[in-house]
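Colleague: Take this sequence and fold it.
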Amino acid sequence: MQLPSELAFLEAFYIDPVEKYRQAEWLLNDFDAPTWIYSFGYRTPKELSWDVQLEDGSSLLEERHRDLLNGFRYWLVIATERKKESGANALHTQKGCFHKTLNLIDHFLLHAEQFTLAKTGLAGISTDELKALLTKLASSARINTSLFDWEERLSTYLLRKVQNSDPKQLDALLEQHPHLQVLMPEQEDSNTLSIDVSLIPRVRAWLFSEGCYPQSSLGKVNCTKLAAEIYANTLNAKSTRKPSPDILYCPKSQTHVGRERPGVAINRHGSNNKLCEQHHSKYVKALYCLSSLHILSIPAPSIESFRTIQSFTPQVSKLGRFLTLPSQVVFDALRNAIEFHLKYGKALVDSYCRLSLAVKAAHRAGNHGARLVNLTQAQFDCAIDPKLTELGVTELGLSVILKPGARGWQPTKGSTKHYYQKLRDNRGLLELMAVYVGCAQVVLGALMARRQGEMLALCVDTCLDKSESWLLFEKEKSTSGVFGLRDQEARPIDPIAVKMIKQLWRMQRILKRIGVIDELGPLFSTAQIKGEMALYAGPHRYNDNFDLFCDYFEGAGNDLGKRYYIRQHLLRRFFAMLFFHSSAFGGVDTLRWMLGHTDLEHVWHYITESTPGAVLRGTTAQWSAENLSKLAEGDTGYQALAELIHDRFGVKNVFLLETADLEAMIEDLLEEGAVEIEPEFFEDASGKRMRVMCKVVHQEAGNDA
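Modeller: Model prediction:
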């Protein structure tokens, strides 16, 4: 029907929707074409092939799947429909809707067998399956993880390929390219693949044989080829970039021996990252567009299903919990760190500065090629403090690079077993310097409870106030003013920590005076263990110092032979834990003295104000879990809590559980409000005292344990 010109704006309402949605401004060819050509302002248009295989082996392009094919096509057009003119960003907005809808379509195709797409099409998707999809979406901020299970599918794919490969051929590659076997501690800690770390070298060897590493410098795996096979039966997921897992990263040169023992896994309970509400709502909107297929008489999930998901709030995965360091591990580390500082801190700094001075003196005498690594033994012995000579120091370092070889400058460290034996025999000065900086990291990290970024940002000459009793730092996740500057805060600091800071400060002042460094820098700057006369700082060096510290002092491990390797975020709860432990030892005098408070309640208020709720909750759970073990010794103080755990989780003997599992249960109860664990303050003849009370809250009545 031809409308008068004055009513032309009504023409859109008279267009048959079946025809209306057969075109879009981004679609450059025919709606029925087996391959779409589209562009959202791209320099070169892209292609989208509809020839994908369903669960029964048939192609989506077959005539019997026409409703399913058209359902997907119309869904894309409807989801990107421009409701009204929105200026320059209109095409960009459509692009976002297009890719979100395409992600949802690929999810259905990827799970075609679960949804029985070949048999029932889109109409067979139930309300519960739509709700499960939204819940899965919300579980991670990374769509590759939530919708496409990238890490799990990649793990399965790689394991299958390695199992089907010739092991002798893979071993030969590993022997020919030993760098494929190098695993950094950070890589083990952040492993997101469901593959045991012992198999990673062979996985890398297979990837290398398939040309998945850049030939020039190795580095990150090119996952494009892998994704094309893993997601072969998808529209877009097979060609979009996928993240390369960090554990597959492979540097070309081998300069690190790795940890002495495997580390206890840090992340025990999943990922902390969830999809934000804004992005989740956009996916809900894109999914709801699927309901418009009913207007076109194309089979789709029921209208009632879409009404349900409009008001559905997904049960997202809980925040991930990290490994808890047993209290004794931290207490032992603190003792070792403080004793090492008192015995050898000054001697180490003096010796390193004398060696640096000897090199600079040689430069002034005209020997511009002089380096730490080519000082004579006599020069070395003359510079080393007698206390260190008595300790066993005989060489500059176990990792120094001495001479060029077939593959570049070669380290002298030898095998891992030999290296760590020499480390504990105190042979290398540079390793002991790194251990000493690790000691400072342990003491400040445990007593100050700061984030790692805040620790790394500490500058050696500005981190203390004039009275040398307060630590000054820039607080992370805070801003001040309109320029995004971080807020500066101050926290009381223990005198032993101040002495360690001043020792590191003294080292940098001397090195600056003799010309080794230009400016005073980060507090935890560490002597370069490969022999270069320089200081290095940063997150990797920071964590390497922790690892060297733990291996040097042979830190405790679990029953599986894995060692607890310290990290700053694992130390954050220790400060609050110290409060609980001090109460068990008859008071918190040491803690009060350190903080400068005279009242027990003031100490507790300080801790609750300076410790994030999640960290404090984890500390409380750890304290309770460690005390529940006393039930085996006849202590009934936590009997009510043990009974609640039995009722809620079906655990009869709590002291048979791993402490970490028990902590997770108690933390769940704390979050629910079923348990309250707080200090109770009271006065007796000796003055104000405290004890930690565990209150189990029942629905009918309260009960103190």
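Colleague: Please work out how many residues are found near residue 29.
Modeller: 12 (other C-beta atoms under 10 Å). Yep, even glycine has a C-beta here, placed from its N, CA and C like the rest.
Colleague: In three-state terms, how would it be classified?
Modeller: Under DSSP: H, G, I helix; E, B strand; the rest coil, the three-state class of residue 29 is coil.
Colleague: Also residue 241?
Modeller: coil.
Colleague: List the residues that contact it.
Modeller: If you count contacts by C-beta atoms under 8 Å, 6 or more residues apart in numbering, residue 241 has them with 223, 224.
Colleague: Give me the nearest residue to the most centrally placed residue in the chain, chain neighbours excluded.
Modeller: In the chain, the centroid-proximal residue (C-alpha atoms, centre = their mean) is residue 190; its distance is 5.8 Å. Distances taken as C-beta to C-beta, 6 or more residues apart in numbering place residue 246 nearest to residue 190, at 5.3 Å, with adjacent residues excluded.
Colleague: check contacts around the one you found.
Modeller: Contacts of residue 246 by C-beta under 8 Å, 6+ apart are 186, 187, 190, 191, 192.
Colleague: was I right about residue 45 contacting residue 38?
Modeller: Yes - Residue 45 is within contact range of residue 38, at 6.4 Å (criterion: C-beta atoms under 8 Å).
Colleague: Give the residues shared as contacts by these two.
Modeller: Any residue near both residue 45 and residue 38 by C-beta under 8 Å, 6+ apart counts here, and that gives residue 28.
Colleague: Looking only at neighbour counts, state which of the two leads.
Modeller: residue 38 (19 against 13).
Colleague: If the more buried one is in a bridge, with which residues?
Modeller: residue 27, residue 46 (DSSP bridges).
Colleague: May I have the residues that are in contact with it?
Modeller: If you count contacts by C-beta under 8 Å, 6+ apart, residue 38 has them with 26, 27, 28, 45, 46, 47, 48, 98.
Colleague: Put the buried members of those into a PyMOL selection.
Modeller: Here is the PyMOL selection string for the buried members of the contacts of residue 38, based on 16 or more other C-beta atoms under 10 Å:
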select buried, resi 26+27+48+98
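Colleague: Do a quick rundown of the helices in the stretch 301-450 of the chain.
Modeller: Taking DSSP state H, counting those that start in this stretch, the helices of the stretch 301-450 of the chain run over residues 303-310, 327-364, 377-383, 386-391, 416-424, 429-448.
Colleague: how far does the longest one sit from the chain's center?
Modeller: Looking back up the chat, that one is helix 327-364. On the basis of C-alpha atoms, centre = their mean, to the nearest Å, helix 327-364 sits 31 Å off its chain's mean C-alpha point.
Colleague: Show me which residues of that helix are buried.
Modeller: Residues of helix 327-364 classed as buried under the neighbour-count rule (16+ other C-beta under 10 Å) are 327, 329-330, 333-334, 336-338, 340-341, 344-360, 362.
Colleague: Kindly report the same for the last one.
Modeller: Buried residues in helix 429-448, counting neighbours by 16+ other C-beta under 10 Å, are found at 429-448.
Colleague: Restricting to C-alpha, output the host helix or strand of residue 280 in CSV.
Modeller: For residue 280, the host element (DSSP states H and E) is helix 277-288. The C-alpha trace of helix 277-288 is given here as CSV (Å, rounded to 0.1, in the frame of the first residue of the first chain):
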residue,chain,number,x,y,z
GLU,A,277,26.6,-6.4,35.6
GLN,A,278,26.7,-4.0,32.6
HIS,A,279,28.1,-6.5,30.2
HIS,A,280,25.9,-9.3,31.5
SER,A,281,22.8,-7.2,30.9
LYS,A,282,23.9,-6.6,27.3
TYR,A,283,24.1,-10.4,26.8
VAL,A,284,20.7,-10.8,28.4
LYS,A,285,19.3,-8.2,25.9
ALA,A,286,21.0,-10.0,23.0
LEU,A,287,19.6,-13.4,24.2
TYR,A,288,16.1,-11.8,24.6
